[in-house]
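>>> Fold the stuff below for me.
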Amino acid sequence: EPLSFDKFYGIAKVVGCKINDLLLSCVAGAFREELMAAGKNVEGKHIHITLPVNIRSEDEMDAGGVPEELGNYFGTVFVPLPVGIENPLERVYKIKHDMIALKQSLQPALSYGILYAAGLMPTGIQKTVLESFGNKTSAVLSNVPGPKNTLYWNGAKLEGMYPISIPIDRVALNITLISYVDQLEFGLTACRKSVPSMQRLLKFVEIALDELEEVAGV
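Numbers count the residues shown, from 1 in each chain. Below is the predicted model of the structure:
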């Protein structure tokens, strides 16, 4: 089921972080619970995920925040999710700090340049480059801003969206989120051996969000 966007926004406003930081913290909390349920030791551990980030400058956007030219223009950062941190507020602030540092680094622009150059090279080289990216991460998470107004198709109201992410070689889990009006929709593609129950993983995301809501006093 979709989650309330207003709930995410309200918590992020009180905590003083971006919605993306909050999402990452909830995913980190879900990974923590999933690993502990499997009997794994999470103390001091991190799980690295790949996160696409926009590298367009503000002068490339119009007054409504829409790009003046279409096309993909994003880099990627490898975010260490602190699954070893139990306290939800401590976890979200750690992610906020790490995300600021990563976005200010050369990593997004460098990854964009590497992938752009790889697209001009023979298929064999492309595969090697993509494998090198896949070896650095356990999951991919994409957060896409969707329509803020209700859409209709041939007179029928569109109740929701289900984002489907493309499986990536050597990456066990791909999480895609899209906002639609006042809700967040989750789409997951996973290796069954690595993620036995996607429903349980999403339930852990909801629990992590409820914990943040409680400690934030929203």
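
>>> Would you state the strands of this structure in chain order?
Ranges of strands in the chain, per DSSP state E, are 3-4, 47-54, 74-81, 139-144, 152-153, 156-157, 173-180, 183-190.

>>> Now tabulate these in JSON lines and tack on distance to Gly39 and mean pLDDT.
Using the backbone N, CA and C atoms, a C-beta is placed for each residue, glycine as well. What follows is the strands of the chain, written out as JSON lines (distance: least, Cβ to Cβ, whole Å; pLDDT from 0 to 100):
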{"stretch": "strand 3-4", "distance to Gly39": "28", "mean pLDDT": "84"}
{"stretch": "strand 47-54", "distance to Gly39": "16", "mean pLDDT": "81"}
{"stretch": "strand 74-81", "distance to Gly39": "19", "mean pLDDT": "80"}
{"stretch": "strand 139-144", "distance to Gly39": "20", "mean pLDDT": "86"}
{"stretch": "strand 152-153", "distance to Gly39": "47", "mean pLDDT": "92"}
{"stretch": "strand 156-157", "distance to Gly39": "46", "mean pLDDT": "94"}
{"stretch": "strand 173-180", "distance to Gly39": "19", "mean pLDDT": "89"}
{"stretch": "strand 183-190", "distance to Gly39": "20", "mean pLDDT": "88"}
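
>>> Generate CSV for these, with distance to Lys13 and mean neighbour count as supplementary columns.
Output for these, formatted as CSV (distance: least, Cβ to Cβ, whole Å; neighbours: other Cβ atoms under 10 Å):
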stretch, distance to Lys13, mean neighbour count
strand 3-4, 14, 15
strand 47-54, 21, 19
strand 74-81, 22, 20
strand 139-144, 17, 19
strand 152-153, 31, 8
strand 156-157, 29, 8
strand 173-180, 16, 22
strand 183-190, 16, 18
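
>>> so which of those strands comes closest to Met198?
Comparison of the strands of the chain against Met198 by Cβ to Cβ identifies strand 183-190 as nearest, at 4.8 Å.

>>> Mind listing residues that contact that closest one?
Applying Cβ atoms under 8 Å, 6 or more residues apart in numbering, the set of residues contacting strand 183-190 from outside is 2-5, 8, 146, 160-167, 172-179, 195, 198, 201-202, 205.
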